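Trainee: Generate coordinates for the sequence data below:
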Amino acid sequence: MSESVIHSDLNQHAPVMILAYNRPEHLARTIESLKKCHSLDKREIYIYCDGIKQNATEKESQACLAVQQLATGFGDLGWHIRISERNLGLASAVHSSVTEVLKNHGSVIVLEDDLLLA
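Mentor: Below you'll find the model as predicted:
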């Protein structure tokens, strides 16, 4: 691929993906900082929530459910919300979610749920 094609691809509005699991406060702060970003309205937004671990404590389960509930609320904005029915684990969750988005888009900006954007 020529350098000019690569630069052209990078200038497109890549979708943004947020990976989340069990930190609702972190996810809320990340989303609030994302909503302030320039040209957000030109990007597709995906939130991927991994499922609850089978051996999760009640506290961990509630935290996962809180993340899923928070993420689901942003579906009203036209954001793509994906909630795994089972826990995939970090590596598999990242791989499967990135692969899904890349099948539909040539690139993706991946954020974890504890990042704040400026």
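Trainee: For the spatially most central residue of the chain, give its distance to Ala118.
Mentor: The chain has Ile18 as the residue nearest its centroid, 1.9 Å off, counting by CA atoms, centre = their mean. The gap separating Ile18 from Ala118 is 16 Å, by CB to CB, to the nearest Å. Glycine gets a C-beta too; all of them are placed from N, C-alpha and C.
Trainee: Enumerate every residue touching the residue lying closest to Arg23 once chain neighbours are set aside.
Mentor: Excluding the flanking residues, the one nearest Arg23 by CB to CB, 6 or more residues apart in numbering is Asp113, at 5.6 Å. By CB atoms under 8 Å, 6 or more residues apart in numbering, the contact list for Asp113 reads 18-21, 23, 26-27, 30, 67.
Trainee: quick one: Asp113 from Val67, how far?
Mentor: 8 Å.
Trainee: Now the common contact residues for the two.
Mentor: With CB under 8 Å, 6+ apart as the test, Asp113 and Val67 both reach 20-21, 23, 27.
Trainee: quick one: Val101 is in a helix?
Mentor: Yes. Note on Val101: a helix contains this position according to DSSP: H, G, I helix; E, B strand; the rest coil.
Trainee: Hmm, Ile109 and it touching each other?
Mentor: No. Judged on CB atoms under 8 Å, Val101 makes no contact with Ile109 at a distance of 9.8 Å.
Trainee: Can you list the low-confidence ranges for this structure?
Mentor: 1-11 (pLDDT under 70).
Trainee: and stretch 108-118, how far apart are its ends?
Mentor: By CA to CA, to the nearest Å, the extent of stretch 108-118 from end to end equals 18 Å.
Trainee: before we move on, back to that, quick one: which of the contacts of Asp113 is nearest His38?
Mentor: Within those, the smallest distance to His38 is 16.6 Å, found for Thr30 (CB to CB).
Trainee: and Ala28, what does it touch?
Mentor: Going by CB under 8 Å, 6+ apart, Ala28 touches Leu70.
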